[in-house]
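Engineer: My questions are about this predicted structure, shown below with the sequence.
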Amino acid sequence: MKLKTIIFLALFSFTATAAYANISITCSLFPVYDFAREIAGDLADVKLLLKPGTEPHEYEPSPLDIKALNDSDVFIFTGKSMEHWAERISATLTDTAIIDASDGIETVNGDPHIWLDLSLAQRMVLNIARGLCTADPENSGRYMHNAEMYCAKLGELDAKFAGLRYDEPLVFGGEFSCGYFVRRYGIDYISAYDGENEPSVRRLAEVLKFIRENGTKYILAEPLGISAVTRSISDQTGAEILAFDTAHVISDDSKTFLGIMNDNYTSITRALND
């Protein structure tokens, strides 16, 4: 009798686990990965496809990556302008729900870094939440509640950035991916780079002249992989390099998007007021 009871409990435990198993979600880049974590909470197993340190503009899915996507219930990507491979791979995924987080958001000049405008980040969050509601309707109420709570936090940070006084142009070093950010908050800026193109000698001379004439103390740059150009500008002018993280390449996935953007707020505030 005791043995039968143990077997019955074991079978019941297995059945209960199977019935209430979380859905599996694979996300392309860190921003949508962290958004999905916040929205799904303990309802899903959320994984990041591009490992920390991977440059997304140079990435192509490996056979193991494609298998991981096929094994997932949901695949979330930023948008076709960021993950050029996503549409091609998505067409091969027969049993995986696809969520394009940029749905309904127009990119500007082909720039895919839409999450740096925190009003657009909120739209991405809601797109992801609606997609999860379709994939897992039984838990749609929790997905939408979590998304609304998270959007409120993004909205608070958005208001903080908007409340700063950008009286002086900010200097950005390294490849410039901050177009949505500077447009959202009305920031005048100067950058040695035009997008991801290497700076010309003339452009570099203009940046050096600006820093010297204006007594600029800080250069904002990606903390991961600071470019030789940025270090050269710092060395020649004495301007200190401050981290401004665009969150598309991360050092580890234990960070959060809100934490990164709050750190950016600290850097911007120091650059404006110090």
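Structural biologist: Cool, got the structure.

Engineer: what about the spatially most central residue of the chain, helix or strand, and which?
Structural biologist: Residue closest to the average C-alpha location in the chain (Cα atoms, centre = their mean): Pro31, at 2.3 Å. Using DSSP states H and E, Pro31 falls within helix 30-40.

Engineer: For the residue nearest to the centre of the chain, list the residues it contacts.
Structural biologist: By Cβ atoms under 8 Å, 6 or more residues apart in numbering, the contact list for Pro31 reads Thr78, Trp115, Ala121, Met124, Ala247, His248, Phe257. The way it works is simple: take the backbone N, C-alpha and C, and place the C-beta from them, glycine included.

Engineer: State the next helix or strand along the chain beyond the helix holding Pro31.
Structural biologist: As assigned by DSSP H and E, the chain's next helix or strand after helix 30-40 is strand 44-48.

Engineer: Only the buried residues of the following helix or strand past that following strand, if you could.
Structural biologist: Next helix or strand after strand 44-48 toward the C-terminus (DSSP H and E): helix 63-71. Across helix 63-71, burial judged by 16 or more other Cβ atoms under 10 Å covers Asp65, Ala68, Leu69.

Engineer: Repeat that for stretch 216-224.
Structural biologist: For stretch 216-224, using 16+ other Cβ under 10 Å, the buried residues are Thr216, Tyr218, Ile219, Leu220, Ala221, Glu222, Pro223, Leu224.

Engineer: now the residues you listed in a markdown table, with secondary structure, distance to Ser102 and pLDDT?
Structural biologist: Below are the buried residues of stretch 216-224 laid out as a markdown table (DSSP: H, G, I helix; E, B strand; the rest coil; distance: Cβ to Cβ, whole Å; pLDDT from 0 to 100):
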| residue | secondary structure | distance to Ser102 | pLDDT |
| --- | --- | --- | --- |
| Thr216 | coil | 34 | 96 |
| Tyr218 | strand | 31 | 97 |
| Ile219 | strand | 30 | 97 |
| Leu220 | strand | 25 | 97 |
| Ala221 | strand | 26 | 95 |
| Glu222 | coil | 22 | 92 |
| Pro223 | coil | 25 | 92 |
| Leu224 | coil | 23 | 88 |
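
Engineer: which one of these is nearest Lys51?
Structural biologist: Leu224 (13.1 Å; Cβ to Cβ).

Engineer: which residues does the closest one contact?
Structural biologist: Gly53, Asp245, Val249, Ile250, Ser251.

Engineer: What residues does the first one make contact with?
Structural biologist: Neighbouring residues of Gly53 by Cβ under 8 Å, 6+ apart: Leu224, Val249, Ile250, Ser251.

Engineer: ok, and the most crowded of the residues you listed?
Structural biologist: Ile250 (25 neighbours; other Cβ atoms under 10 Å).
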